[in-house]
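Chemist: with the input below, show me the fold.
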Amino acid sequence: MADNTPDVLLERIAPEGAQEGGGLTALLTLRDPKRRNAMSRALSDALLAVLDEVEADERVHAVVVTGAADRGPAFCAGGDLDELAAVGATTGQDGEDAIRGVYAGFLRLAACPLPTIAAVDGPAVGAGINMALAADIRLAGDTARFEPGFLRLGIHPGGGMTWMTQRLVGQQTTIAMLLGGEAMDAAAAERAGLVLRRVPGEVPEQGHSPVVVEALRMAAFSARAPRDLVTTTKASIRTTSALTDHAEAVTVEVGPQLTSLRSPAFEEGLDRLRKRS
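Modeler: The predicted model follows:
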């Protein structure tokens, strides 16, 4: 960054060995390292703008989100405290609009039609946990630490944390985190199911960390598939998650599956399989 304005670095990365013109992964790096990537309105707005760009780019099939480092690894150190104090001093609708503006970035990440992976190195505090929870998949590096932080600062949890956390790890763990001060390192987060898995290895001074490398490896699977197949599969996962009847789930999947069976991608895949047999 040329100045201290928070921003989000966008890198478009092709899977290893991919042919020219194939799908890409968008690596989004939250960048306000002096403040450990604290979630401010400016950083939220930057994330919104980058996600607009990513979703409009037909070459991008998957998204990885991580945080820039300065004084050691950092994912997102929670809400910007100066902004939160200003919001608290604002009355009426203006206050609600201001705090919703801070949360708009990770709400947009949660609504992204592409598969999203949070690669967490260093602390994810308060709203930083919300950012990680907004992704479809969470991977934690050895330095990752998840700290709710709200009550310690005298702040009620926000951004949907009580809802997101309960859906993922249940009520008991949610209460332990939010009302019992239970912070989690990478190993504990893995055991609790807060993250898919821990990715060991030191964070280098230059280049991508082990957890980012692993996130990019996972994202490459979708990058190699047709974009419309990726987005319809994610849409079906979201739709069927609310269903209780198996037959209803089959009904949801029938239309997009038939479409895929009539696609050139399926013909190519079938041809490759037959040539190998």
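Chemist: touching stretch 233-252 from outside, list them.
Modeler: Contacts to stretch 233-252, defined as Cβ atoms under 8 Å, 6 or more residues apart in numbering, come from residues 113-115, 136, 253, 256. The way it works is simple: take the backbone N, C-alpha and C, and place the C-beta from them, glycine included.
Chemist: same question, stretch 187-202
Modeler: Stretch 187-202 is contacted by residues 120, 132, 137-142, 144, 146, 168-169, 173, 184, 186, 209-211, 214 when judged by Cβ under 8 Å, 6+ apart.
Chemist: ok, now stretch 90-102?
Modeler: Stretch 90-102 is contacted by residues 39-41, 44-45, 79-80, 83-84, 86-88, 127, 158 when judged by Cβ under 8 Å, 6+ apart.
Chemist: next one: stretch 11-22
Modeler: The set of residues external to stretch 11-22 that reach it, using Cβ under 8 Å, 6+ apart, is 23-27, 29, 57, 59-60, 216, 220, 223-224.
Chemist: most neighbours, which of these?
Modeler: Neighbours were tallied for each of the contacts of stretch 11-22 (criterion: other Cβ atoms under 10 Å), and the maximum of 28 neighbours falls on residue 25.
Chemist: now the two most distant members of the contacts of stretch 233-252.
Modeler: 114 and 253 (19.2 Å; Cβ to Cβ).
Chemist: the two: who's more crowded?
Modeler: Higher neighbour count among residue 114 and residue 253: residue 114, with 21 against 15, using other Cβ under 10 Å.
Chemist: pLDDT at the more buried one, what is it?
Modeler: The score at residue 114 is 98. That number is its pLDDT.
Chemist: can I get the contacts of stretch 233-252 in a markdown table including secondary structure and distance to residue 151?
Modeler: Output for those, formatted as a markdown table (DSSP: H, G, I helix; E, B strand; the rest coil; distance: Cβ to Cβ, whole Å):
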| residue | secondary structure | distance to residue 151 |
| --- | --- | --- |
| 113 | coil | 35 |
| 114 | coil | 34 |
| 115 | coil | 33 |
| 136 | coil | 28 |
| 253 | helix | 42 |
| 256 | helix | 44 |
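Chemist: for burial, what's the neighbour tally of the residue nearest to residue 232 when sequence neighbours are not counted?
Modeler: Counting by Cβ to Cβ, 6 or more residues apart in numbering, residue 256 is the residue found nearest to residue 232 once chain neighbours are left out, at 4.3 Å. Counted with other Cβ under 10 Å, residues neighbouring residue 256 total 16.
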